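*Asks:* Sequence first, predicted model second:
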Amino acid sequence: MGYKYIFGPVASRRLGVSLGIDLLPYKTCTLDCIYCECGKTTDLRIERENFVDYNDVLKEIDEFLKNNDFPDAITFSGSGEPTLYKDFGILASKIKEKYKNIKICLLTNTTLFNLKEVREGAKVFDIVLPSLDAVLEDEFNKINKPHKEIKLENIINGLKEFKKEYKGEIWLEIFFAKGVNDSKMHVDKLYKVVKEIFPYKVQLNSLDRPPAYEGVESVSKEFLENIVRNWKDLNVEIISRYKTRESISDYSRNLEELILNALKRRPYTFEDLQTIFNKDKTTLNKYIDLLESEKKIKAVIIENKIFYKLNESN
């Protein structure tokens, strides 16, 4: 059957096999980020409402899980800001009550975390993945293009308050755009603010797909790797994908060929490949990114696990 409110499941590098939930009309958001892969925001708002009946969403989830393997995660995401849905916390609670073995995750831009009711709703989730691309007003306005009533100070304070109240894991994502929020002054200020929040992990990202606005450019992998080296007292990883051999500083043609030869024989999970080649997660991710971007391999879901296999179309 076709679904209105759920999508996937998708093979998520971060969350495993993830079933998505989209509770909003397309591109309804509090921000109009210049890099958004979903396009420009058409309904820029801060007013929260229940756009759909959450019982209809629950019916779709029940129907899907009755006929399919359970995913690793159910993720509130989609094309806009999930916390604009007033009862997002109630819906998450009802899902958790029924499906205790599935992680419930929230992707959010945290623009409404200054509101106590939003923080209360977010506390229900097992993992919260907030974004914070800027901590200075000029950079914030350029990269996130917020609704006029949103204040950067409230976002930062709301995140800090949430960290005090929340018992789960916070995976903070920072998106960098070249010439927009990548100055040394801004990166240094970001570091100070992120240290005060002290999330479970920090995930660095840059442009991978066509952005909402023309002229947006990605920062170099060297730039992101330098942040990882300098922010040593934080758990930092790069989630922006490696698409060229030149972007892999320690590139090995031999390792690339060994991975392809292994996948010619049979599909393997990421963990399988780590064991076979005795490589750390960061190193192996670079080659998986490269080979996926060149469509030489693809991720597939087999018996509710993510496997990598040769792309038969090549």
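*Replies:* Received the coordinates, thanks.

*Asks:* List the residues that contact residue 258.
*Replies:* When contacts are counted by C-beta atoms under 8 Å, 6 or more residues apart in numbering, residue 258 touches residue 277. (Glycine included, C-beta is placed from N, CA and C.)

*Asks:* Check for me that it belongs to a helix.
*Replies:* Yes. Using DSSP: H, G, I helix; E, B strand; the rest coil, the secondary structure at residue 258 is a helix.

*Asks:* who's in contact with stretch 209-220?
*Replies:* Here stretch 209-220 has contacts from 32-41, 176-180, 182, 206-208, 240, 247, using C-beta under 8 Å, 6+ apart.

*Asks:* From the recorded domain assignment, give the ranges for the chain.
*Replies:* Per the record, the chain has its domains at 6-240, 247-310, by automatic domain parsing.

*Asks:* and among the ones you listed, the most buried is which?
*Replies:* By mean neighbour count, with neighbours taken as mean count of other C-beta atoms under 10 Å, domain 6-240 ranks first of the domains of the chain at a mean of 18.

*Asks:* Show the end-to-end separation of it, please.
*Replies:* Across its full length, domain 6-240 reaches 25 Å between end residues, using C-alpha to C-alpha, to the nearest Å.

*Asks:* host element of the residue nearest to residue 198 when sequence neighbours are not counted?
*Replies:* Excluding the flanking residues, the one nearest residue 198 by C-beta to C-beta, 6 or more residues apart in numbering is residue 163, at 6.8 Å. Using DSSP states H and E, residue 163 sits within helix 152-165.

*Asks:* Now do that helix: distance to the chain's middle.
*Replies:* Its chain's C-alpha centre and that of helix 152-165 lie 19 Å apart, by C-alpha atoms, centre = their mean, to the nearest Å.

*Asks:* Could you pull out the helices in the stretch 51-200 of the chain for me?
*Replies:* 54-67, 88-98, 116-122, 137-144, 152-165, 184-197 (DSSP state H, counting those that start in this stretch).

*Asks:* which residues pair with the spatially closest residue to residue 126 that is not a sequence neighbour across the strands?
*Replies:* Spatial nearest neighbour of residue 126, excluding adjacent residues (C-beta to C-beta, 6+ apart): residue 103 at 4.4 Å. Legend: beta-bridge partners of residue 103 under DSSP bridges are residue 73.

*Asks:* From residue 111, how far off is residue 103?
*Replies:* 24 Å (C-beta to C-beta, to the nearest Å).

*Asks:* Could you do residue 271 as well?
*Replies:* 36 Å.

*Asks:* One more: residue 200?
*Replies:* 21 Å.

*Asks:* Could you tell me the per-residue confidence at whatever residue is furthest in space from the centre of the chain?
*Replies:* Distance from the C-alpha centroid of the chain, by C-alpha atoms, centre = their mean, peaks at residue 265 (31.7 Å). pLDDT for residue 265: 87.

*Asks:* Over to residue 71?
*Replies:* Reported pLDDT for residue 71: 91.

*Asks:* ok, now how distant is it from residue 211?
*Replies:* Separation of residue 71 from residue 211 (C-beta to C-beta): 28 Å.

*Asks:* before we move on, what about residue 118?
*Replies:* 27 Å.

*Asks:* Also residue 153?
*Replies:* 27 Å.

*Asks:* can you check residue 129 too?
*Replies:* From residue 129 over to residue 211 the distance is 20 Å, taken as C-beta to C-beta.

*Asks:* cool, and residue 72?
*Replies:* Distance, residue 72 to residue 211, using C-beta to C-beta: 29 Å.

*Asks:* OK, contacts around residue 121?
*Replies:* Residue 121 sits in contact with 83, 87, 88, 89, 90, 92, where contact means C-beta under 8 Å, 6+ apart.

*Asks:* Turn the residues you listed into TSV, including distance to residue 226 and pLDDT.
*Replies:* As requested, these are exported to TSV (distance: C-beta to C-beta, whole Å; pLDDT from 0 to 100):
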residue	distance to residue 226	pLDDT
83	33	97
87	43	96
88	37	96
89	38	96
90	43	96
92	37	97
